[in-house]
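K.L.:
Below are the sequence and a predicted model; questions follow.
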Amino acid sequence: MTDHATNGFTPARTRAPSFEYRCYFAIIFLVTLPWAFIGWALGLAHPGGEDAGRGFIARAWHQASVITPMIFAA
């Protein structure tokens, strides 16, 4: 087995998201914000659901963080 402590092993660096990625994320976030608000408001009528404790901004952020990488992976 290799001892990484003596080989000078360095973990991979993570890069900051590009300007294009952040622009797409912002656009998708703004588009999903009204829909997330509607889903959040309807969820108040049915407490105990899957996203009961999350606010509508967290929902929109989550949707944007799921959709944006799909666009860049295509």
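P.N.:
In hand now; what should we look at? Residues are numbered from 1 along each chain as shown.

K.L.:
Residue ranges in this protein under the pLDDT threshold?
P.N.:
When the per-residue scores of the chain are filtered using pLDDT under 70, the ranges that remain are 1-11, 13, 47-53.

K.L.:
same thing but at 80, please
P.N.:
Screening the chain residue by residue with the criterion pLDDT under 80, one finds the ranges 1-17, 45-54, 74.

K.L.:
quick one: the helices in it?
P.N.:
Using DSSP state H, the helices of the chain run over residues 4-7, 19-45, 56-73.

K.L.:
Compile the ones you listed into JSON lines and extend it with columns for mean neighbour count.
P.N.:
Bear in mind the C-beta positions are built from the backbone N, C-alpha and C, glycine included. Below are the helices of the chain laid out as JSON lines (neighbours: other CB atoms under 10 Å):
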{"stretch": "helix 4-7", "mean neighbour count": "8"}
{"stretch": "helix 19-45", "mean neighbour count": "14"}
{"stretch": "helix 56-73", "mean neighbour count": "15"}
